[in-house]
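Participant: from the sequence below, what's the structure:
(2 chains)
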Amino acid sequence: QVQLQESGPGLVKPSETLSLTCTVSGGSISSYYWSWIRQPPGKGLEWIGYIYHSGYGNYNPSLKSRVTISVDTSKNQFSLKLSSVTAADTAVYYCARDHFPGSYYDYWGQGTLVTVSS
Amino acid sequence: QSALTQPASVSGSRGQSITISCTGASSDVGGYDYVSWYQQHPGKAPKVLIYEVSDRPSGVSHRFSGSKSGITASLTISGLQAEDEADYYCSYCFSKRSSRICVFGTGTKVTVL
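Facilitator: Here you go, the predicted structure:
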């Protein structure tokens, strides 16, 4: 059974960079796409971007200038960096396996709340 | 890319059927078959119910079904049960300049009366 676990700081200061890692267990990170999705408190889901094990990926156009998603196949992990954060970036951040083609998320992490505050 | 439009809330009595709509611009949902639906209970991660418009992953109840007509995708829940009370989201991905762009719907809160 594939499991995903997000890790990283729960509190980030405004203008700094948010960094999260998703560790995949129970399966290889190769041959799949992997995505980051976030959900501000009390609001809906927002797609952030995806990456393939080769390093190929794409981002939400509204976040593209601030987002970097990378993959480390040796550790079975992929990571998210979001720069110049503001309070609007406060959200629960989920990592998920992106089943392509089909473009659906079949395995999710439990989510981690990141608060942007000084 | 704007979010797909869903009704904010839908309610129904136990045993009834309800349908949640997901409407996008004609350039996206209408011309693509990669629509998926997710159920999210409070404090939990979303769970996929439907993918590729109408396919169900193994383990998902047959009470959940999906369809698409024109620019509107729909999720129908038959035989509504108490545990179906949750938030539901549609999602759609499309190709733009050889890369995929994905968008979620605005979300629908389902209440079981």
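Participant: any idea how far the closest residue in space to B:Tyr38 that isn't next to it in sequence is from B:Ala86?
Facilitator: Closest residue in space to B:Tyr38, ignoring its immediate chain neighbours: B:Pro46 at 3.9 Å, by Cβ to Cβ, 6 or more residues apart in numbering or on different chains. Every C-beta, even on glycine, is put in place using the N, C-alpha and C of the backbone. When distance is defined by Cβ to Cβ, to the nearest Å, B:Pro46 is 9 Å away from B:Ala86.
Participant: what do these two both touch?
Facilitator: Residues touching both B:Pro46 and B:Ala86 by Cβ atoms under 8 Å, 6 or more residues apart in numbering or on different chains: B:39-40.
Participant: who's more crowded, the two?
Facilitator: With neighbours defined as other Cβ atoms under 10 Å in any protein chain shown, B:Pro46 and B:Ala86 compare such that B:Pro46 has more, 25 against 18.
Participant: A:Gly44 is in contact with that one, correct?
Facilitator: No: using Cβ atoms under 8 Å, B:Pro46 makes no contact with A:Gly44, being 10.5 Å away.
Participant: my read: A:Tyr94 touches B:Ala45, true?
Facilitator: Yes: contact criterion Cβ under 8 Å: A:Tyr94 and B:Ala45 qualify, at 5.9 Å.
Participant: common neighbours of these two, please.
Facilitator: A:108-109, A:111.
Participant: that older thread, quick one, what contacts the residue nearest to B:Tyr38?
Facilitator: With the criterion set at Cβ under 8 Å, 6+ apart, B:Pro46 makes contact with A:45, A:94, A:105, A:108, B:38-40, B:89.
Participant: could you report the pLDDT at it?
Facilitator: Note on B:Pro46: pLDDT of 98.
Participant: between the two ends of stretch A:61-71, how far is it?
Facilitator: 20 Å (Cα to Cα, to the nearest Å).
Participant: among the shared contacts of A:Tyr94 and B:Ala45, which lie within helices?
Facilitator: Using DSSP state H, no member of the shared contacts of A:Tyr94 and B:Ala45 sits in helices.
Participant: what residues does chain B put near chain A?
Facilitator: B:1, B:3, B:34, B:36, B:38, B:40, B:45-48, B:51-52, B:57, B:89, B:91-93, B:99-107 (Cβ under 8 Å from any Cβ of the partner chain).
Participant: elements contacting the helix-or-strand element of chain A with minimal mean pLDDT?
Facilitator: When each helix and strand of chain A is scored by mean pLDDT, DSSP states H and E, strand A:57-59 comes last, with a mean of 92. On a contact count with 3 or more Cβ pairs under 8 Å, 6 or more residues apart in numbering or on different chains; DSSP states H and E, strand A:57-59 meets strand A:46-52, strand A:67-72, strand B:99-104.
Participant: hmm, try it at 10 Å
Facilitator: strand A:33-39, strand A:46-52, strand A:67-72, strand B:99-104 (3 or more Cβ pairs under 10 Å, 6 or more residues apart in numbering or on different chains; DSSP states H and E).
Participant: residues in contact with the residue of chain B positioned farthest from its centre?
Facilitator: Distance from the C-alpha centroid of chain B peaks at B:Arg97, with 26.0 Å (Cα atoms, centre = their mean). The contact partners of B:Arg97, by Cβ atoms under 10 Å, 6 or more residues apart in numbering or on different chains, come to A:Asn58.
Participant: likewise for the one 3 residues further on?
Facilitator: For B:Arg100, the contact set (Cβ under 10 Å, 6+ apart) comprises A:33, A:35, A:47, A:49-50, A:57-58, A:98, A:100-101, A:103, B:34, B:93-94.
Participant: low-confidence ranges in chain A?
Facilitator: For chain A, not a single residue meets the criterion pLDDT under 70.
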